[in-house]
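K.L.:
can you look at this prediction? I've put the sequence above it.
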Amino acid sequence: MSFTAKDVKLLREKTGCGMMDCKKALTESNGDMDAAIDFLREKGLAAATKKSGRIAAEGVAFACLNDAGNVGAVIEVNAETDFVAKNADFKNFVKVCADTVIEKNPKDVESLLSSKAYGSEMTVGELLQEKILTIGENIKIRRFERYEGIISTYIHAAGRIGVMVKFDVNPEIATKDEFKTYAKDIAMQIAAVNPLYLNRDCVPSDVLEHEKKILTEQVMNEGKPAQIAEKIVMGKIEKYYKENCLVDQIFVKDSEFTVKKYTEKVSKELNTEIKINSFVRFEKGEGLEKREDNFADEVAGMIK
C-alpha cells in the first residue's frame, strides 16, 4: 500500500512524532495508518502523544545574540514543571531553538519546527519529540521574535522574563561601554516595569478610545460636573501614558529621569542621537492556564 505526503502529515498530527519517523513508520507498515501508529508506539516514539495533552505553563523565556551581536532572538519554551525548566538538557534545547531562529529566520513556530536545528542533523520538531520522551514532560515552543541591527538582550530571574530591545544609533557608538550600559538599563527597565507600548503613537486608537470611555464613566459616576469631566479624563489619560509607554515611564534606576530624558542624557554625553526602535518582552507562562491539582478530589475519584 502506497502513501502520500498528506498521510505523513496526518500521522504526525495523530502522534506528535517527527516527520521522518512518521515516514519510516508508514514505509514499514506499507501505508497502513493504524499499523504505523502501532509501529511508533512499539518504538516508544508515540509515547509523546499522551504527554502532548498536559498543561505546559512553566519553562523559560530566553534571549540571546549571534556571535557578531547583530542578530538576536527571544523565545519562550514551556514545560510542565519548574523543575524541568532548570534541567541542563532542557536549557540546552531552548538555546538551540533560539540559535535556529537566529540562523534560519523562520516565519512562525510551525516553520521553526520544520527547520534543521542549529548544530544538528535533526529538525527542531524531531529534537522536541526526543526531549519530550527523554525528559518525560510535555514541552512546547510557544513563541519567538527575531531582530537584526543594534540589539540588547536581558534575561531576568533565570528565565522568568526575556527581553530584547532594538536601537537606532551609530554602529560605532554602539560598541562603547557607555552605550552598552545604557542599553542594558533599558532592557532591565522593560523587564521590571512591563511597558505595553514604546511611545504614545504606538497606542492603538481603539485602545485609547476604550480607555477614555471607561475613565469618562468613572468620572461621571463620581458626580463631577460635565464641564470639568473632560479635563479630569485627559489628566488620567496622561497618567495612562506614563504608566504604559516606555519612553514616558519613570526610569527605575533614577526617579529624577523618565526613560526619554535618560536617553537624551546619554545621547548628549556620547554626542550622538539614540532612539529606542522597538522591544519584545516575554514572561514565561504569561496568559496560560496553570495546572492546579486537587489531591483530595483525585483520591476521591480513584475510590469511586
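P.N.:
Noted; the coordinates are in hand. Numbering: from 1, shown residues only.
K.L.:
domain ranges for the chain, per the record?
P.N.:
Following automatic domain parsing, the chain resolves into domains at 5-51, 60-189+278-283, 200-271.
K.L.:
which parts of this protein are strands?
P.N.:
Under the criterion DSSP state E, strands of the chain are mapped to 60-65, 71-78, 140-148, 150-156, 161-168, 275-283.
K.L.:
got those as JSON lines, with mean neighbour count and mean pLDDT columns?
P.N.:
For every residue, glycine as well, the C-beta is placed using N, CA and C. Shown next, in JSON lines, are those (neighbours: other Cβ atoms under 10 Å; pLDDT from 0 to 100):
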{"stretch": "strand 60-65", "mean neighbour count": "23", "mean pLDDT": "98"}
{"stretch": "strand 71-78", "mean neighbour count": "25", "mean pLDDT": "97"}
{"stretch": "strand 140-148", "mean neighbour count": "19", "mean pLDDT": "97"}
{"stretch": "strand 150-156", "mean neighbour count": "22", "mean pLDDT": "98"}
{"stretch": "strand 161-168", "mean neighbour count": "23", "mean pLDDT": "98"}
{"stretch": "strand 275-283", "mean neighbour count": "19", "mean pLDDT": "97"}
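K.L.:
just put the ones you listed in a markdown table and tack on distance to Asn92.
P.N.:
As requested, the strands of the chain are arranged in a markdown table below (distance: least, Cβ to Cβ, whole Å):
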| stretch | distance to Asn92 |
| --- | --- |
| strand 60-65 | 11 |
| strand 71-78 | 11 |
| strand 140-148 | 14 |
| strand 150-156 | 15 |
| strand 161-168 | 16 |
| strand 275-283 | 19 |
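K.L.:
to Ala5, which of those lies closest?
P.N.:
The minimum distance between Ala5 and the strands of the chain falls on strand 140-148, with 22.9 Å, by Cβ to Cβ.
K.L.:
any idea how far the closest one is from the middle of the chain?
P.N.:
6 Å (Cα atoms, centre = their mean, to the nearest Å).
K.L.:
just stretch 73-81 next, same as before
P.N.:
7 Å.
K.L.:
what's the answer for stretch 236-246, then?
P.N.:
24 Å.
K.L.:
and the nearest residue to Lys260 once chain neighbours are set aside, how many residues sit next to it?
P.N.:
Distances taken as Cβ to Cβ, 6 or more residues apart in numbering place Val247 nearest to Lys260, at 4.2 Å, with adjacent residues excluded. Counted with other Cβ atoms under 10 Å, residues neighbouring Val247 total 21.
K.L.:
ok, Val247 - contacts?
P.N.:
With contacts defined as Cβ atoms under 8 Å, 6 or more residues apart in numbering, the neighbours of Val247 are 198-199, 258-260, 263, 276.
K.L.:
got the confidence number for it?
P.N.:
Note on Val247: pLDDT of 98.
K.L.:
number the residues from 335 up from this point.
P.N.:
Shifting the count to begin at 335 puts that one at Val581.
K.L.:
mind listing what's buried along stretch 506-518?
P.N.:
507-508, 513, 516-517 (16 or more other Cβ atoms under 10 Å).
K.L.:
Leu360: which of those is nearest?
P.N.:
Ranked by distance to Leu360 (Cβ to Cβ), the buried residues of stretch 506-518 are led by Ala517 at 50.6 Å.
K.L.:
low-confidence ranges, the stretch 335-484 of the chain, go.
P.N.:
Residue ranges of the stretch 335-484 of the chain with pLDDT under 70: 335, 350, 376-390.
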